[in-house]
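# Return atomic coordinates for the entry below.
(one chain, ligands or ions: 1)
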Amino acid sequence: MGTFQDRLTSLVLKLHEINVLKFGDFKMKIGVNSPVYMDLRIIVSYPKLLAELSELICEFAKTSLKSCDHVCGVPYAALSFATMVAVGSDRSMLVRRKEAKDYGTRRMIEGSYKAGDSCVIVEDVVTSGLSILETVGDLQREGLNVTESIVVVDREQGGSDHLESQGIKISSLLTLTQIMHILKDAGRVDDSTVDKVKTYLKASYVTIPKDRVPPALAAKKVMEERLRTPFEARAEKSSNPMSARLLRLMSEKQTTLCIAADVSSSDKVLELANAAGPHICVFKTHVDALNDFSENFVHELQRLAKTHNFLLMEDRKFGDIGHTVSLQYGSGKFKIADWADLVTVHATPGPGIIDGLVSALETSKAQLEDRACFIVAEMSSKDTLATGPYQTAAIKLAESRADFVAGVVSQSSTGLPSLGLVQLTPGVRVAHSQNGVGKNGNDTSSDGLGQQYNSPHHVVLERGADVAVVGRGITESENPAEAAKLYRDLLWKAYQQRIGAN
Ligand SMILES: O=c1ccn([C@@H]2O[C@H](COP(=O)(O)O)[C@@H](O)[C@H]2O)c(=O)[nH]1
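Okay, here's the model as predicted:
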């Protein structure tokens, strides 16, 4: 059978025999001419060779393949051996379409997967890295996690640099230089051909124009910056006064905790606000769930907000046309616009809903710069419809309305590029234990009514939460003040780890 290197050498010679490697003057995808061209597409007509190559890839990339959920070949050249690699390593395979279908699901990625799954790219030849980046972009748009690529041949013209700079590790079975050495040692090419290729490689480093980097990847870079940047620096970049105020408050008070006071008595809400007040940045209410709402209650809540320095959020999740929402926000029994610093809205009605809220402020006691909304982009409940393309569209709406949007309610930072937008993430709870507050872990659980929970550590570090919403994890504990402090500490520690402060 021979050593791995012997088998690789033998494969190169066989590839040369079937004309995979051509020498001459070839026009490349990226517009520069090359004295050597490799056409691995024809390997499909040589099943034994295809199997040999796939086996070598499986061995070479054993560790990466073992730990990923899927492999995806870059269309179309790599599809044959990506399929063989998937079978050989017992991994699921995904196929990226080059064009979306105009019927049926319109999916760009075929196969069975879910957001958060990891995927390794398989490619035949890398020159600039652009084809791999395009595939990574489409996979990432679907929420897949792609950080590695396996290529048969690296032409050493900048592809690996470009991929690494976008956070994609590249492992290549062969380089063009290695191939030339093998061919020369076997007497298949002469010195002048080797020299020509050498000179060409030195002179032909290929760059990728910025506008060709797929938007999803460019956005990912900004997203990573967003997660690394401390709140006070993000406040400087914010175009919305309330998001800047919230980011500063979190930084100064050293808390990212929002308590969800989902109880039905005003006294209980006020009791919670007073107990948790020193530990929170936002106090979130559902006043339509109160049996005894009154103006006095609102005054008392505002007084506590001032005393303990937190913002009030009414989680009304408005979802109607602008005119109706304007009435619901500014009028009626609750007069939300008068007292809630922040409100939540659904994105379904489109930008008219934001206009509706803004118009209500014209007749309310509040100033525009003291009020803002959060758009619900993605929900925490099981099988939610607010996810994927809906989430993308909701974030786009949020970005386009910095005049009144301070952030988004979301379960992940996918597609959230702006440094100023605040991500508020509900569905947070530590594993239960005797005193109602468990230890830091990644446990997830649910409440039997569709709510899904993640740990504080997980939502901050894995999902990008800025503000984390904790309801029953605190309200149902024996000592809400103590529980609030514990959640605050866990969340703050995770945030500090995220920005590299500890
Ligand atoms: O996607 C969403 C949006 C909002 N919520 C709200 O957050 C709290 C969660 O309370 P827990 O007791 O911690 O489950 C609640 O007020 C919801 O209305 C959400 O859960 N998910």
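# CA only for contacts and neighbour counts going forward, please
Noted.
# By mean pLDDT, flag the weakest helix or strand of the protein.
Least confident helix or strand of the chain, by mean pLDDT, DSSP states H and E, is helix 215-228 with a mean of 78.
# So which elements touch that one?
helix 130-141 (3 or more C-alpha pairs under 8 Å, 6 or more residues apart in numbering; DSSP states H and E).
# Could you figure out how far whichever helix or strand comes after the helix it packs on is turned away from helix 130-141?
Next along the chain after helix 130-141, taking DSSP states H and E as the criterion, comes strand 145-154. For strand 145-154 against helix 130-141, the angle by axes from the mean of the first three to the mean of the last three C-alpha atoms, to 10 degrees is 160 degrees.
# Now the least confident helix or strand of the chain: buried residues?
Buried residues in helix 215-228, counted by 16 or more other C-alpha atoms under 10 Å: Pro215, Ala216, Leu217, Ala218, Ala219, Lys220, Val222, Met223, Arg226, Leu227, Arg228.
# dump the residue contacts of the fifth one.
With contact set as C-alpha atoms under 8 Å, 6 or more residues apart in numbering, Ala219 has these partners: Gly415, Leu416, Pro417.
# Closest one of those to Thr285?
Thr285 has its nearest neighbour among the contacts of Ala219 in Leu416, at 25.3 Å by C-alpha to C-alpha.
# In space, what's closest to Gly356 - neighbours in sequence excluded?
Leaving aside its sequence neighbours, Gly356 sits nearest to Gly322 (C-alpha to C-alpha, 6 or more residues apart in numbering; 3.9 Å).
# same thing with Thr414?
Gly143 is the one closest to Thr414 (C-alpha to C-alpha, 6+ apart), at 7.1 Å.
# check contacts around the one you found.
So Gly143 contacts Lys114, Ala115, Gly116, Asp117, Gly388, Thr414 (C-alpha under 8 Å, 6+ apart).
# can I assume the last one sits in a helix?
No: under the criterion used here (DSSP: H, G, I helix; E, B strand; the rest coil), Thr414 is coil, not part of a helix.
# Tally up the residues packed near it, please.
By other C-alpha atoms under 10 Å, 24 other residues sit near Thr414.
# What of the first one?
A count of neighbours around Lys114, defined by other C-alpha under 10 Å, yields 10.
# Does it touch Asn145 like I think?
No: using C-alpha atoms under 8 Å, Lys114 is not in contact with Asn145; the gap is 10.1 Å.
# So which residues on the stretch 151-300 of the chain come close to the ligand?
Counting by C-alpha under 6 Å from any ligand atom, the stretch 151-300 of the chain comes close to the ligand at Ala260, Asp262.
# And the helices in the stretch 151-300 of the chain?
Secondary structure of the stretch 151-300 of the chain (DSSP state H, counting those that start in this stretch): helices at 159-165, 176-185, 191-203, 215-228, 231-237, 241-253, 266-276, 295-308.
# Buried ones in the fifth one, by neighbour count?
Spelled out, that is helix 231-237. Quick answer for helix 231-237 (16+ other C-alpha under 10 Å): Phe231, Glu232, Ala233, Arg234, Ala235.
# From the ligand, how far off is Ala305?
18 Å (C-alpha to the nearest ligand atom, to the nearest Å).
# ditto for Glu148
Taken as C-alpha to the nearest ligand atom, the span from Glu148 to the ligand is 32 Å.
# what sits against that residue?
Ser64, Cys119, Val120, Ile121, Ile168, Lys169, Ile170, Ser171.
# Show the pLDDT at the residue of the stretch 251-400 of the chain found nearest the ligand.
Taking C-alpha to the nearest ligand atom as the measure, the stretch 251-400 of the chain has Met379 as its residue closest to the ligand, at 3.1 Å. In this model, Met379 is scored at 94, pLDDT.
# Isn't it up against Thr387?
Yes: contact criterion C-alpha under 8 Å: Met379 and Thr387 qualify, at 7.2 Å.
# Could you tell me the end-to-end distance of stretch 286-305?
This stretch, stretch 286-305, spans 16 Å end to end (C-alpha to C-alpha, to the nearest Å).
# hang on, the earlier thing: quick check, the residue of the stretch 251-400 of the chain closest to the ligand in a strand?
No: counting by three-state DSSP, Met379 is located in no strand; its state is coil.
# tell me the pLDDT at the residue nearest to Gly129 when sequence neighbours are not counted?
Closest residue to Gly129 apart from its sequence neighbours, by C-alpha to C-alpha, 6+ apart: Gly159 at 4.2 Å. On pLDDT, Gly159 comes in at 92.
# residue contacts, Gly159?
Val126, Thr127, Ser128, Gly129, Leu130, Val206.
# Dump these into a markdown table; add pLDDT and neighbour count as well.
A markdown table is the format used below for those (pLDDT from 0 to 100; neighbours: other C-alpha atoms under 10 Å):
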| residue | pLDDT | neighbour count |
| --- | --- | --- |
| Val126 | 94 | 24 |
| Thr127 | 90 | 22 |
| Ser128 | 89 | 24 |
| Gly129 | 92 | 23 |
| Leu130 | 90 | 21 |
| Val206 | 82 | 18 |
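# ok, so of those, who is nearest Phe26?
Thr127 (13.4 Å).
# Perfect, that will be all.
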